[in-house]
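Engineer: Sequence below, structure please.
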Amino acid sequence: LCGLHVAVRWHPDGWSRGRIPVWGPADTADRIAIAYGMDVDPGMHSEFEFHTWTEGEVVKFGPFNITPYAVRHPVEEAYAMRVEATEPGPDGPTTRVLAYSGDTDTCPPLVEAARGADMFLCEAAYHEGRDDAIEGVHLTGKRAGAAATEARVRRLLLTHLPVWDDSIRTVAEARETYSGDLAVAVAGVSYVV
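Structural biologist: Next up, the predicted model:
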């Protein structure tokens, strides 16, 4: 958002499309202003129209229905997202679902967000055995795989692997609990849902 703020506020030709809608936790406007070194009032309110997620409340944005699910992470508000879009097809309308875990540990709302998703973009920042003592922060590949299996997703795409993690190990852990289509997200690659 900070980069977008620069593009909107300082573009030599100006910005003629009005304020850009942004959804997030209740303190998004303040946090982004502070991150950019601005006073929270006025912050970036001239460029962005901030909205607060409400758990389970669908936000319609163009062809997308986006539903936030409160998940388990040590911040006041953390959400997994379920993004649904319906397109006409030769055999009638088809709905595609992308679920995104956000940062979370195992919890029922994560499975609900991912239920039946065509693609589940899921964080797997921890390794089994190394990070077992840390509760309520991140998933391992194994726990991400278990959530994907319980949710019956079609494809699991692992993300949020720190540079010190071994992605081969993360995939092997996920494979212990998930037998479907599985990959690690790669920068610069496009994925079709």
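
Engineer: surely residue 79 meets residue 53?
Structural biologist: Yes - with contacts counted by C-beta atoms under 8 Å, residue 79 reaches residue 53, the gap being 5.8 Å. For the C-beta atoms, the positions are set from N, CA and C on the backbone; glycine is no exception.

Engineer: For the closest residue to residue 134 other than its chain neighbours, give me its contacts.
Structural biologist: Spatially, and ignoring its direct neighbours in sequence, residue 134 is nearest to residue 126 (6.8 Å; C-beta to C-beta, 6 or more residues apart in numbering). Residues in contact with residue 126 (C-beta atoms under 8 Å, 6 or more residues apart in numbering) are 134, 137, 138, 139, 140.

Engineer: The protein: strands as residue ranges?
Structural biologist: 20-24, 48-52, 59-61, 64-70, 79-87, 94-100, 119-123, 155-159, 181-184 (DSSP state E).

Engineer: Now mean pLDDT, mean neighbour count and distance to residue 193 too, for those, in CSV please.
Structural biologist: Formatted as CSV, the strands of the chain follow (pLDDT from 0 to 100; neighbours: other C-beta atoms under 10 Å; distance: least, C-beta to C-beta, whole Å):
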stretch, mean pLDDT, mean neighbour count, distance to residue 193
strand 20-24, 95, 15, 20
strand 48-52, 97, 16, 24
strand 59-61, 95, 12, 16
strand 64-70, 98, 19, 11
strand 79-87, 97, 19, 8
strand 94-100, 97, 18, 5
strand 119-123, 98, 26, 5
strand 155-159, 98, 22, 9
strand 181-184, 98, 15, 12
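
Engineer: Nearest to residue 2 among these would be which one?
Structural biologist: strand 48-52 (10.9 Å; C-beta to C-beta).

Engineer: Just the CA atoms of the closest one, as CSV, please.
Structural biologist: Provided in CSV are the C-alpha atoms of strand 48-52 (Å, rounded to 0.1, in the frame of the first residue of the first chain):
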residue,chain,number,x,y,z
PHE,A,48,-7.6,5.1,0.2
GLU,A,49,-11.1,4.3,1.5
PHE,A,50,-10.5,1.9,4.4
HIS,A,51,-13.0,-0.7,5.3
THR,A,52,-12.8,-3.2,8.2
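
Engineer: Go ahead and name everything in contact with it.
Structural biologist: Under C-beta under 8 Å, 6+ apart, the answer for strand 48-52 is 1, 5, 19-26, 28-29, 59.
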